[in-house]
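**Student:** no FASTA, just this:
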Ligand SMILES: Nc1ncc2cc(-c3cccc4ccccc34)c(N3CC[C@@H](N)C3)nc2n1
Ligand SMILES: [Ca+2]
């Protein structure tokens, strides 16, 4: 049993972890940069330690500062949240060396799933469907052209150290290959200090459907149903929902079993997510595995009535997972409320929140760390909250979302609320007829 957990994160996810710790009777330590001195997670925690200047490299990404905070507060465990150090194998190892439990998988598992080619090879061995493509790293442009000719265009180039869409290049025909190859390698080197790239057949107009899994140290894995994350803009998810409107009973069973095989292949411990691409014929392909809790974990919590952070902490304390798979009993939608201007290319809009009224009522959950008078710092991501609704049917969840969005009052900064209001009334969205290309034809007015 942990007596004290340090949360190595900020914003709404830090608050989310603190809330569950309090329910479990576990003391909490918040860490904060000088820009976050007045943040809510600092106020909610039992203790708080300033770990440095606003720049993430001086604070939330600064391993020595975080370890020092854990040592001086005598924390038993560290919860990394998402982003920052959540999938940093070196950090997981340093926690282990300090005898402080990293609440997540082992460094080996993080590394294995962090390298996309190793992840794919692991999945092929485990019999999990992967996107058709070449084996291993591309060595030359000629090899790439040969592979693409065999596969047939369009193809996609990806960085093996990448993920989440960074360093990807879609190639529609051979004449584009040379430039795409050089650009993909250069971007991979710049972003990940690793210019390794690989090729896959491009799955046209896919849906992004991901399966939540949980595994314990005794080798048991269970799946906790799916999320549809197809509404995204430049690989930034904006709206997520559970269950997926595209799912059938049979597909859910097949993808759930594939997800358990994927996690089982590496003896996965903790909560994690297997991302799949699903084409219009309902063929599904392994894309990536995320070895962290995700922003959108809340919609899963609402449809299976389950606290995923509590499960993650219990697994880290050596408890068993139930071993039973979970299937959605409700429908839940999450809109990311970002301080961005949807009428201006979603550019960030930091500043002081002068007026705030957050929605409530039946079927509404708001996971947010902001308050009236809070100044949104420009140093971190622009998400100021997640508005989640849950209802028996998808239509009702959408209606509740529209009602809650229309109650949301945030003045002093621009937000994505107008975008979400229009989306909830969009015919194609309401019909569930969308894939990852949806926003390319969505005009905000
Ligand atoms: N072989 C193959 N075919 C189609 C794909 C489509 C996506 C994809 C997924 C979600 C949104 C996208 C938006 C523009 C371009 C691609 C996507 C994709 N992603 C996007 C980020 C990362 N999760 C992998 N990989 C793909 N791979
Ligand atoms: Ca990912």
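**Tutor:** Structure's in. What do you need? Keep in mind the model is a prediction, meaning the values are calculated, not measured. Residues are numbered from 1 along each chain as shown. Ligands and ions are numbered 1, 2, ... in the order given.
**Student:** can you tell me which strand in the protein is longest?
**Tutor:** strand 221-233 (DSSP state E).
**Student:** which parts of stretch 414-430 are buried?
**Tutor:** Buried residues in stretch 414-430, counted by 16 or more other Cβ atoms under 10 Å: 414-417, 419-424, 429. For the C-beta atoms, the positions are set from N, CA and C on the backbone; glycine is no exception.
**Student:** can you get me the start-to-end distance on that stretch?
**Tutor:** 25 Å (Cα to Cα, to the nearest Å).
**Student:** go ahead and name everything in contact with it.
**Tutor:** Contact with stretch 414-430 is made by 231, 238-239, 335-344, 346, 349, 384, 387, 395, 398, 401-402, 405-406, 408, 410, 434, 438, 442, 444-445, as judged by Cβ atoms under 8 Å, 6 or more residues apart in numbering.
**Student:** got the buried residues for stretch 59-74?
**Tutor:** 59-62, 65-67, 69-70, 73.
**Student:** still on that earlier bit, ok, the longest strand of the chain: who's next to it in the sheet?
**Tutor:** strand 207-215 (antiparallel), strand 236-242 (antiparallel) (DSSP bridges).
**Student:** is it possible to export the buried residues of stretch 414-430 to a markdown table including secondary structure?
**Tutor:** Formatted as a markdown table, those follow (DSSP: H, G, I helix; E, B strand; the rest coil):
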| residue | secondary structure |
| --- | --- |
| 414 | coil |
| 415 | coil |
| 416 | coil |
| 417 | helix |
| 419 | helix |
| 420 | helix |
| 421 | helix |
| 422 | helix |
| 423 | helix |
| 424 | helix |
| 429 | helix |
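**Student:** out of these, give me the two with the largest separation.
**Tutor:** Using Cβ to Cβ, the pair of these lying farthest apart is 414 and 429, separated by 22.0 Å.
**Student:** for the one residue sitting closest to the centre of the chain, list the residues it contacts.
**Tutor:** Centroid-nearest residue in the chain: residue 294, 3.6 Å away (criterion: Cα atoms, centre = their mean). Each residue near residue 294 by Cβ under 8 Å, 6+ apart is listed here: 82, 210, 273.
**Student:** run through the bridge partners of the second one.
**Tutor:** Beta bridges link residue 210 to residue 227, residue 275 when assigned by DSSP bridges.
**Student:** from residue 242, how far out is it?
**Tutor:** 10 Å (Cβ to Cβ, to the nearest Å).
**Student:** equivalent analysis for the first one, please.
**Tutor:** With distances taken as Cβ to Cβ, residue 82 is found 17 Å from residue 242.
**Student:** higher neighbour count, those two?
**Tutor:** It is residue 242, of residue 82 and residue 242, that has more neighbours when counted by other Cβ atoms under 10 Å, with 31 against 16.
**Student:** what's the burial count for the closest residue to that one other than its chain neighbours?
**Tutor:** Once flanking residues are discounted, residue 242 sits nearest to residue 299: 4.2 Å by Cβ to Cβ, 6 or more residues apart in numbering. Neighbourhood size, residue 299 [other Cβ under 10 Å]: 31.
**Student:** for residue 299, give me its contacts.
**Tutor:** 227, 240-242, 332-334, 388, 390.
**Student:** repeat that with 10 Å
**Tutor:** Going by Cβ atoms under 10 Å, 6 or more residues apart in numbering, residue 299 touches 212, 225-229, 239-243, 328, 330-334, 365, 386, 388-390, 397.
**Student:** which among the strands paired with strand 221-233 is found nearest to ligand 2?
**Tutor:** Nearest to ligand 2, of all the strands paired with strand 221-233, is strand 207-215, at 8.5 Å by Cβ to the ion.
**Student:** hmm, that closest one touching ligand 1?
**Tutor:** Yes - residues of strand 207-215 contacting ligand 1 under Cβ under 6 Å from any ligand atom: residue 208.
**Student:** what average pLDDT does that strand get?
**Tutor:** The average pLDDT within strand 207-215 is 97.
**Student:** now it, how far from the centre of its chain.
**Tutor:** Distance of strand 207-215 from the chain centroid (Cα atoms, centre = their mean, to the nearest Å) equals 10 Å.
**Student:** which parts of it are buried?
**Tutor:** Buried, per 16+ other Cβ under 10 Å, within strand 207-215: 207-215.
**Student:** and what of stretch 111-126?
**Tutor:** 111-117, 119-120, 122-123, 126.
**Student:** list the contacts for the residue nearest to residue 125 when sequence neighbours are not counted?
**Tutor:** Leaving aside its chain neighbours, residue 125 sits nearest to residue 265 (6.8 Å; criterion: Cβ to Cβ, 6+ apart). Under the criterion of Cβ under 10 Å, 6+ apart, the contact list for residue 265 reads 112, 119, 122-128, 221, 289.
**Student:** give me the number of residues near the residue of the stretch 301-445 of the chain at minimum distance from ligand 2?
**Tutor:** Scanning the stretch 301-445 of the chain for the residue nearest ligand 2 gives residue 436, at 13.2 Å (criterion: Cβ to the ion). Residue 436 has 18 neighbours, counted by other Cβ under 10 Å.
**Student:** quick check: it touching residue 207?
**Tutor:** Yes - in this structure, residue 436 is within contact of residue 207 by Cβ atoms under 10 Å, at 6.7 Å.
**Student:** residue 399: neighbouring residues, count only.
**Tutor:** Using other Cβ under 10 Å: residue 399 sits among 16 other residues.
**Student:** excluding covalently adjacent residues, which one is nearest to it?
**Tutor:** Closest to residue 399 by Cβ to Cβ, 6+ apart is residue 391, at 7.7 Å.
**Student:** the one you found touches residue 361, doesn't it?
**Tutor:** No - if you go by Cβ under 10 Å, residue 391 and residue 361 don't touch, sitting 11.8 Å apart.
**Student:** in terms of neighbours, single out the busier of the two.
**Tutor:** Between residue 391 and residue 361, counting by other Cβ under 10 Å, residue 391 is the more crowded of the two (19 against 10).
**Student:** in strands, which of the contacts of stretch 414-430 appear?
**Tutor:** Counting by DSSP E, the contacts of stretch 414-430 place 231, 238-239, 335-338, 340-341, 384, 387, 410 in strands.
**Student:** residues of the stretch 251-400 of the chain that sit close to ligand 2?
**Tutor:** For the stretch 251-400 of the chain, the residues in contact with ligand 2 (Cβ under 5 Å from the ion) are 288, 290.
**Student:** hey, what's residue 77 bridged with?
**Tutor:** Counting by DSSP bridges, the residues bridging with residue 77 are residue 5, residue 101.
**Student:** now the stretch 201-350 of the chain against ligand 1: closest residue?
**Tutor:** Ranked by Cβ to the nearest ligand atom, the top residue of the stretch 201-350 of the chain for proximity to ligand 1 is residue 203, at 3.7 Å.
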